[in-house]
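In: okay, here's the prediction I keep looking at, along with the sequence it came from:
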Amino acid sequence: MNSAEIRQKFFDFFASKQHQVVPSAPLVVKDDPTLMFINSGMAPFKDYFLGNKPAPYRRIADTQKCLRVSGKHNDLEEVGYDTYHHTMFEMLGNWSFGDYFKKEALHWAWELLTEVYQLPKDRLYVSVFEGDKADNLEKDEEAFAIWKTMVPEDRILYGSKKDNFWEMGDTGPCGPCSEIHIDLRSEEEIAQVPGKDLVNNDHPQVVEIWNNVFMEFNRLADGSLVKLPAQHVDTGMGFERLCMAIQGKRSNYDTDVFQPLIQYIAKEAGVVYGESEKIDIAIRVMADHIRAIAFAITDGQLPSNNKAGYVIRRILRRAVRYGFTFLDFKKPFLYKLAAVLADQMAHVFPELKQQLSFVQRVIEEEENAFLRTLDNGLKRLDALEEKFRESDKVIDGKTAFELYDTFGFPLDLTALIAREKGFTIDESGFTAEMEQQKNRSRNASATEQTDWVILQPDVVNEFVGYDCEVADSHIVRYRQVKTKNKSEFHLVLDQTPFYAESGGQVGDSGYLISDSEQVEVLDTKKENDLILHITTKLPQNLEVGFQSQIDVERRNFIRKNHSATHLLHAALRKVLGEHVQQRGSLVNEKLLRFDFSHFAKVDEAQLREVEHIVNERVRQSIPLDEQRNTPIAEAKEMGAMALFGEKYGEFVRVITFDRDHSVELCGGTHVYNTGQIGYFKIVSESSVAAGVRRIEAVTATLAEEYVQQQLNELHAVRETIGTQSNLSGAVQKLQEDYRVLQKQLEQYELKQLGVLKDTLAQQVQPLNGVNFVAQKVDVSNAEHLKKLAFDLRQVVDNLVLVLAAEIDGKPQIAVMLSDNVVADKNLNASQLVRELAKEIKGGGGGQPFYATAGGKDTAGLPAVTAKALELLKKSLNA
């Protein structure tokens, strides 16, 4: 049975049990501040478990893309080394929201595994929760009794809270669970050690394949447990492990989930998978990581240096490092794997195939950039080689960490290179530096929040801001959040006109007004489906009614910019082509920022055309056509553009400004007709990432102000130049005059440099067989300093030259030695310049015959020449 058939049988089985089969949510999380990526099958359904919103179906089945590389579920460093850990994986799941519970869930799990998939019953073990005194929880006797009707009692194992009480994090929905494990070892191995002794002991062939979680509790911030409003079932079956079990393999990587990728990598590398452990690990790392990278980019997360983007960059760089080090991939290769993966997953996750060229371009550019970084890191190691030779051939922990943090070198890669050079590494120093960074990161991001105080149970918060700017509201729940000595409150209202930050549009601000007080709302954010009104204080009376009132002037600017973003998107597709897709946006009261897929700079003529089209639509005063609760299939038939990486329900909101030009799925706030935008002006176009461009623009009065500012600057230039016509011609004339003068100045400086060279050559001081010159000189740039040193080397034998100069207000030093001085006198320019640099509070290095240094203290330059003589005498007399 191949993997596609295994997945489909799961869907068919639960469809027969009246489950609605739903598509995977995007891998990238948008509206949950506690998560960057979906890390479990239940994450997209958290609001249903918490009772924040009703589930659309009481029974659901799906396969969910998951990513685990950080936080509680951190598997990254194990990936590739064992047979069953992955970054991105599929989690098959069936869900009950207040419907069936333990009896049905466990019976169906056993039926699917043993009757449909025909896994041998004598290889399966099940576990149930043994209870926990600290949480005052009893044994799960109910699950034990259910299993006894299907499984011999000696195959039912009690498990601790660690293994059999599932929690998503420090707080949130949780409950006892019942796991199903399979023993995939040979009969000979089983005869020696029974499988039940290896359950939950990290044995690669005795693995958990299915976990049935019975969601009964909510873990609060104080550690206590409270009952959820209803009992739910959350099951998760690792698809890759299931395929390993059904296909009779000893590793997930041996299944047809991974083998197409593995064999492609091996063929391109010219190796055979299975012959070398180091090579096999590298191949497994690449085969695993491309899945996480490709699907994260597909779902809207580009590699970057921040938060979720940094996680993806880290995974990508880990894959490149292994290919670079063990498979000799010195040029971009990873991006090619995306095509293999897209073909393999097209039937279940078609979004990757639809965006393949974009995803490949992003990965290739990231690979190129990191390969350059790797090369720079190798050069950094080479430059420090002399320093390490002086320190017992030990690379200190701080340098090893710098290579890791700045250049992406893992400790094992640095160790490999060091070993080739005959060096060792201070691993304890590296570990200490790593721990310091983790502590800094933890301290910077540490937050403390109280549990929700529920004032009105079972009341769902409702957004009414499409239709009104003021509403009568009551507080439903609240909590306090502390971050870095800053305290704020999150208030949830029964109904609110405040738009919560989402889809690139910033949240509203405004006031909650009662008869006795006015509380300022600084921002509005969304956590799952709760609308959080952020304040710095709590109202004195939490139970009275409030008039919730947004800042209307600010909202008006925001909606102008949001509607202009839609018009911009349509204009870009018309001018540049249908390949243009939104890749991110920011809409606030000051500007709009729009990121889109395009592989070249948008030239000035194209920008002017885009701008003209948008302003033409503005002048036409096209009325807003807003359709709420439209079935998503109907919306797509209308031509509405859905954004990759966004999760849409069965019913959506469609925003249209002219059906021939702008039809989008959107939850944001908009003008009632395009004329309200007033005027649209592009202020910049730039690159954000590989294949992604960014346009920033302003509208209405801010656009007028921008244009006026540009006109004022233009007028000032005319006044300065003294011309009112043919300004560009006058500027070109000035540039030509400048180039002529610059060339004349360069020729004069080179002539003066020659005079200075002759003068210094006459100032040679013989000293113990060398010709010594140390002088503070006046040169205009570092290149002239270097030229002067090399020119003197040509005319003075046995040279030891030290030049000190102030260039652009900063001190610089150059040391030049003749080759025979390096060889015969055992002198080294790098060592000399490092000592001299201390006088200017700086550092430097270079080659044995030529080295340079820079610093901060120009007052130390006179001392450089004196110290040079002192060092030279000491070295020659040694």
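Out: Great, that's in hand. These figures come from a predicted structure and were not determined experimentally.

In: mind listing the strands for the stretch 51-200 of the chain?
Out: Counting by DSSP state E, counting those that start in this stretch, one finds strands in the stretch 51-200 of the chain at the ranges 59-67, 88-97, 124-129, 156-159, 165-167, 172-183.

In: quick one, phi psi at the spatially most central residue of the chain?
Out: The centre of the chain sits closest to residue 309, judged by Cα atoms, centre = their mean, with a distance of 1.2 Å. In terms of degrees, to the nearest 10, the main-chain angles of residue 309 are phi -60, psi -30.

In: ok, so what distance separates it from residue 300?
Out: 11 Å (Cβ to Cβ, to the nearest Å). Using the backbone N, CA and C atoms, a C-beta is placed for each residue, glycine as well.

In: try residue 668
Out: When distance is defined by Cβ to Cβ, residue 668 is 17 Å away from residue 300.

In: higher neighbour count, these two?
Out: residue 668 (22 against 18; other Cβ atoms under 10 Å).

In: do I have it right that residue 640 meets residue 654?
Out: Yes - between residue 640 and residue 654 there is a contact at 5.1 Å, judged by Cβ atoms under 8 Å.

In: what's the overlap in contacts for the two?
Out: 663, 664, 665 (Cβ atoms under 8 Å, 6 or more residues apart in numbering).

In: picking that back up, out of the strands of the stretch 51-200 of the chain, nearest to residue 50?
Out: strand 172-183 (6.3 Å; Cβ to Cβ).

In: who does that closest one pair up with?
Out: strand 124-129 (antiparallel), strand 165-167 (antiparallel), strand 206-219 (antiparallel) (DSSP bridges).

In: confirm residue 417 sits in a helix?
Out: Yes - note on residue 417: a helix contains this position according to DSSP: H, G, I helix; E, B strand; the rest coil.

In: ok, now which ones touch it?
Out: Contacts of residue 417 by Cβ under 8 Å, 6+ apart are 378, 381.

In: what's the average pLDDT for the helix or strand containing residue 366?
Out: Assigned by DSSP states H and E, residue 366 belongs to helix 356-389. On average, the pLDDT along helix 356-389 is 83.

In: buried ones in that helix?
Out: 356, 358-367, 369-371, 373-374, 377, 381, 384, 386, 388 (16 or more other Cβ atoms under 10 Å).

In: report all helices and strands that it contacts.
Out: Using 3 or more Cβ pairs under 8 Å, 6 or more residues apart in numbering; DSSP states H and E, the elements in contact with helix 356-389 are helix 277-298, helix 307-326, helix 334-345, strand 394-395, helix 397-407, helix 411-420, strand 843-846.

In: one more time with 7 Å, if that's ok
Out: helix 277-298, helix 307-326, helix 334-345, helix 397-407 (3 or more Cβ pairs under 7 Å, 6 or more residues apart in numbering; DSSP states H and E).

In: just want the angle from that helix to helix 277-298.
Out: Interaxial angle, helix 356-389 versus helix 277-298 (axes from the mean of the first three to the mean of the last three Cα atoms, to 10 degrees): 130 degrees.

In: specify the angle between helix 356-389 and helix 411-420 in degrees.
Out: 50 degrees.

In: what's the angle from helix 356-389 to helix 397-407?
Out: 160 degrees.

In: do you know which of the strands of the stretch 51-200 of the chain lies nearest residue 273?
Out: Of the strands of the stretch 51-200 of the chain, nearest to residue 273 by Cβ to Cβ is strand 88-97, at 20.4 Å.

In: so how far is the closest one from its chain's centroid?
Out: 24 Å (Cα atoms, centre = their mean, to the nearest Å).

In: about what we covered before: any idea which of the helices and strands packed on helix 356-389 is most buried?
Out: Across these, averaging neighbours per residue (mean count of other Cβ atoms under 10 Å) puts helix 277-298 on top, at a mean of 24.

In: quick one: mean pLDDT for that helix?
Out: Helix 277-298 comes out at a mean pLDDT of 96.

In: cool, and stretch 493-511?
Out: Rounded mean pLDDT across stretch 493-511 is 96.

In: list every C-alpha atom in that stretch, with coordinates, as CSV.
Out: Provided in CSV are the C-alpha atoms of stretch 493-511 (Å, rounded to 0.1, in the frame of the first residue of the first chain):
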residue,chain,number,x,y,z
LEU,A,493,-16.4,42.7,24.6
ASP,A,494,-19.6,41.1,23.7
GLN,A,495,-19.8,43.3,20.6
THR,A,496,-17.3,45.8,19.3
PRO,A,497,-16.7,48.2,16.4
PHE,A,498,-12.9,47.9,17.0
TYR,A,499,-11.1,46.0,14.1
ALA,A,500,-8.5,43.6,15.4
GLU,A,501,-5.1,43.6,13.6
SER,A,502,-5.4,41.0,10.8
GLY,A,503,-4.6,40.5,7.1
GLY,A,504,-2.0,43.3,7.2
GLN,A,505,-4.4,46.0,8.6
VAL,A,506,-3.5,47.4,12.0
GLY,A,507,-5.9,47.3,14.8
ASP,A,508,-8.2,50.2,15.8
SER,A,509,-7.7,52.5,18.7
GLY,A,510,-10.3,54.6,20.6
TYR,A,511,-12.1,54.6,23.9
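
In: now it: buried residues?
Out: Buried, per 16+ other Cβ under 10 Å, within stretch 493-511: 493-511.

In: which ones among these are found in helices?
Out: With helices defined by DSSP state H, no entry of the buried residues of stretch 493-511 lies inside them.

In: so which of the residues you listed are in strands?
Out: In strands, defined here by DSSP state E, the members of the buried residues of stretch 493-511 are 493, 495, 496, 510, 511.

In: report the spatially nearest residue to the fourth one, omitting neighbours in sequence.
Out: Think residue 510. Nearest non-adjacent residue to residue 510, counting by Cβ to Cβ, 6 or more residues apart in numbering: residue 550, 4.0 Å away.

In: hang on, isn't the one you found packed against residue 498?
Out: Yes - if you go by Cβ atoms under 7 Å, residue 550 and residue 498 touch, sitting 5.7 Å apart.

In: okay, and the common contacts of the two?
Out: The overlap between the contact sets of residue 550 and residue 498 (Cβ atoms under 7 Å, 6 or more residues apart in numbering) consists of 465, 508, 510.

In: confirm for me that the last one is in contact with residue 549.
Out: Meaning residue 510. Yes - using Cβ under 7 Å, residue 510 makes contact with residue 549 at a distance of 5.1 Å.

In: now the helices for the stretch 1-150 of the chain?
Out: In the stretch 1-150 of the chain, the helices defined using DSSP state H, counting those that start in this stretch lie at 3-15, 46-50, 102-111, 141-148.

In: an error on my part: the question was meant for the stretch 701-850 of the chain.
Out: 727-761, 782-795, 819-825, 829-837.

In: got the angle between the last one and helix 782-795?
Out: Compare the direction of helix 829-837 with that of helix 782-795 by the same axes, to 10 degrees and you get 130 degrees.

In: per-residue confidence for residue 707?
Out: Reading off the model, residue 707 has pLDDT 95.

In: ok, now which ones touch it?
Out: residue 681.

In: so where's the protein uncertain?
Out: 70-75, 386-387, 389-391, 408, 410, 420, 440-447, 644-645, 878 (pLDDT under 70).

In: mind listing what the closest residue to residue 303 other than its chain neighbours touches?
Out: Nearest residue to residue 303 in three dimensions, chain neighbours excluded: residue 313, at 3.9 Å (Cβ to Cβ, 6+ apart). Residues in contact with residue 313 (Cβ under 7 Å, 6+ apart) are 303, 304, 366.
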